[in-house]
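In: got a sequence here, can you model it:
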Amino acid sequence: MTWIVWASTELGKKGVALAESQASKSKDQLDKTMSELNEKVRILDNSLHDRDYILGDSYSIVDTHLWATVRWLTYTGLDLAAFPTLEAWKKKIEQRPAIQQL
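Out: Numbers count the residues shown, from 1 in each chain. A predicted model of the protein is given here:
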């Protein structure tokens, strides 16, 4: 449950701020918001370094929720190239049959 709340309050909030920064067309604000978002995303990337899924060895609803959040963030401009563990995890989640049906 903690990760789901974190995704909404930390990643989601920064994603909304990023979209607002893009709409305002302020480069300084956009750079600041992207930097703050990258800090949050790094937490998730680091958490996946020694495990297959966010809670350990087994896939859970937490992975689905975080995957959806990360996917949305990539549409708002997040570049996963700086987060190779997270990028690999995202691709692994996208190979799941249920996710492919979305």
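In: helices or strands up against whichever strand or helix holds residue 3?
Out: When secondary structure is defined using DSSP states H and E, the element that contains residue 3 is helix 2-6. The elements that helix 2-6 packs onto, with contact taken as 3 or more CB pairs under 8 Å, 6 or more residues apart in numbering; DSSP states H and E, are helix 61-75. From N, CA and C alone the C-beta is placed, and that goes for glycine too.
In: tell me, please, the helix or strand in this protein that averages the lowest pLDDT.
Out: The helix or strand of the chain with the lowest confidence, counting by mean pLDDT, DSSP states H and E, is helix 13-24 at a mean of 80.
In: show me what contacts the nearest residue to residue 19 once chain neighbours are set aside?
Out: Computed as CB to CB, 6 or more residues apart in numbering, the closest residue to residue 19 that is not its neighbour in sequence is residue 76, at 5.5 Å. With contacts defined as CB atoms under 8 Å, 6 or more residues apart in numbering, the neighbours of residue 76 are 15, 18-19, 22.
In: quick check: phi and psi at residue 76.
Out: In this entry, residue 76 is assigned phi and psi values of phi -90, psi 0 (degrees, to the nearest 10).
In: how much space between it and residue 58?
Out: In this structure, residue 76 lies at 29 Å from residue 58, with CB to CB, to the nearest Å as the measure.
In: kindly report the same for residue 13.
Out: Separation of residue 13 from residue 58 (CB to CB): 28 Å.
In: between the two, who's got more neighbours?
Out: Neighbours of residue 13 and residue 58, each counted by other CB atoms under 10 Å, are more numerous for residue 13; the result is 14 against 9.
In: list of residues touching the helix or strand harbouring residue 98?
Out: Using DSSP H and E, residue 98 falls within helix 97-100. Applying CB under 8 Å, 6+ apart, the contact partners of helix 97-100 are 64, 67, 93-94.
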